[in-house]
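Undergrad: sequence first, predicted model second:
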Amino acid sequence: MASAASAPPTPANLKRIVAASLIGTTIEWYDFFLYGSAAALVFNKLFFPESDPLVGTLLSFLTYAVGFAARPLGALVFGHYGDRLGRKKLLVLSLLLMGGATFAIGLLPTYATVGAAAPVLLTTLRLVQGFALGGEWGGAVLLVSEHGDAKRRGFWASWPQTGAPAGQLLATGVLSLLTATLSDDAFGSWGWRIPFLLSGVLVMVGLWIRLSVDESPVFKQALAHAEARRTARDAEPEKMPLVSVLRHHWRDVLVAMGARMAENISYYVITAFILVYATTSAGVSKQTALNAVLIASAVHFAVIPAWGALSDRVGRRPVYLLGAAGVGLWMFPFFSLIDTGGFGNLVLAVTVGLVLHGAMYAPQAAFFSEMFATRMRYSGASIGAQFASVAAGAPAPLIATALLAEYDSATPIALYVIAAAVLTLIAVGVAKETRDRDLTEVESPADERPTAAPAADARTV
């Protein structure tokens, strides 16, 4: 139930907020996914040349996984200050960190130039990327969720989620263009640097747009309420957001982590590991595999808002459960289609997989935002999402590649994703529906004596 105290934003203002969040997340995900694609295509040769090709790919994906390890730290730091200082300031900082690290990767010397220092530098910059992305997601979806119309929150909050396929589309598109126009020697020598250096230009555009938006009115309202409490004689000292999350919302954090298992693992198997599987096991060229991911990412981008809108009508849980079950059931057909080596089958396999993934990813933004009260929302949503990434997305390509090397079969990989889907079905199945939650709750969970900010505070923002 929306608070009467919180007036809905004008359509023009809401669209500007959505655009700022979408463009920012697109750039951040472009940077992050660009690394994943490069790890599958060239980093094994450039930074681990003395290894067996498949072992080199494993080492390359290991540096890819390191970025996920830094995401929980980013979630803690950005979540804490985002709940204290505001969403906008931290989103600007995350964009600068991510863009700077990605640009620097484009300037790195390779193993042939500096030896073992090359993979060390690469890993360090990957850590910075992960740290920045750990703080980006929560702030971007909250900025939209807290501005948006409560009746269409699922739809509006799903737009920052389209930044993932948009970033994947942009990263894959740039790499596909380069591999199509450059020889393998030219791409391996200098062509791979171009998409990383392009990030510098994209960040400038993103900053210009992101700096133009207003802070979340719900956060301003909560901040004013906190100030009023601090001036009261009987007020208790304000707790750190992390402490409040662990005290009031630990069940929600566990639900969010469980919900991320199938969503995160399936996504990286479908979009990153496929570049390894299709080229090594199915005999597909890397250009063909990139093109398939490119087409599927465009469809993924288009269906996410539709799934978000559906979650406004039927609830977050039913849509999420549909996606988790669908991804699990699709895994065996997914690999069977790839094994044919046909381009049409490859596109079908990836597209259906990403459409089903979108049924989880679209309502996730509103679902996680609605779990937590305002003064701990950035921390709670970020911690739940990013801590799960360490166990889910981080090792997914690595585990899938290791299973392929060990068994020379896709069956164990399909079972791995199915197991993740079962975990997500259990987590979301036991969760409460959040569609009608009031985001103006300041201090307490929705099911425990909610403390709403007074209407007078809301009129001042």
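TA: Everything's here; your move.

Undergrad: list the buried residues of the helix or strand hosting residue 400.
TA: According to DSSP states H and E, residue 400 maps onto helix 396-407. Residues of helix 396-407 classed as buried by neighbour count (16 or more other Cβ atoms under 10 Å): 396, 397, 398, 399, 400, 401, 402, 403, 404. Placement of C-beta: from N, CA and C, glycine included.

Undergrad: swap in stretch 16-24?
TA: 16, 17, 18, 20, 21, 22, 23, 24.

Undergrad: residue contacts, the fifth one?
TA: Residue 21 is in contact with 91, 140, 141, 143, 144, 159, 160, 163, counting by Cβ atoms under 8 Å, 6 or more residues apart in numbering.

Undergrad: flag every buried residue along the host helix or strand of it.
TA: Assigned by DSSP H and E, residue 21 belongs to helix 11-41. Neighbour-count burial for helix 11-41, counted by 16+ other Cβ under 10 Å, picks out 14, 16-18, 20-41.

Undergrad: measure residue 288 to residue 281 for me?
TA: Applying Cβ to Cβ, to the nearest Å, the value for residue 288 to residue 281 is 14 Å.

Undergrad: which strands and helices lie in contact with the helix holding residue 400?
TA: helix 11-41, helix 53-69, helix 250-268, helix 274-280, helix 411-430 (3 or more Cβ pairs under 8 Å, 6 or more residues apart in numbering; DSSP states H and E).

Undergrad: what about residue 211, neighbour count?
TA: By other Cβ atoms under 10 Å, 12 other residues sit near residue 211.

Undergrad: is it true that it touches residue 93?
TA: No. If you go by Cβ atoms under 8 Å, residue 211 and residue 93 don't touch, sitting 11.7 Å apart.

Undergrad: where does the prediction get shaky in the stretch 51-200 of the chain?
TA: Within the stretch 51-200 of the chain, the segments meeting pLDDT under 70 span 51-56, 64, 148.

Undergrad: can we see that at 80?
TA: Scanning the stretch 51-200 of the chain for pLDDT under 80 picks out 51-68, 86-87, 147-150, 172.

Undergrad: now the helices for it?
TA: Per DSSP state H, counting those that start in this stretch, the stretch 51-200 of the chain carries helices over the ranges 53-69, 71-85, 87-105, 111-114, 117-147, 153-161, 163-181, 184-186, 193-210.

Undergrad: contacts only, for residue 265.
TA: By Cβ under 8 Å, 6+ apart, residue 265 lies in contact with 392, 393, 396, 416, 417, 420.

Undergrad: recalculate using a threshold of 6 Å.
TA: Residue 265 makes contact with 392, 396, 417, 420, according to Cβ atoms under 6 Å, 6 or more residues apart in numbering.

Undergrad: identify the farthest-apart pair in these.
TA: Greatest spacing in the contacts of residue 265, by Cβ to Cβ: 392 and 417 (10.6 Å).

Undergrad: from residue 310, how far out is residue 167?
TA: With Cβ to Cβ as the criterion, residue 167 and residue 310 are 23 Å apart.

Undergrad: ok, those two, which is more surrounded?
TA: Set residue 167 next to residue 310 and count neighbours by other Cβ under 10 Å: residue 167 wins out with 23 against 20.

Undergrad: now that one. Nearest residue, chain neighbours left out?
TA: Leaving aside its sequence neighbours, residue 167 sits nearest to residue 29 (Cβ to Cβ, 6 or more residues apart in numbering; 2.8 Å).
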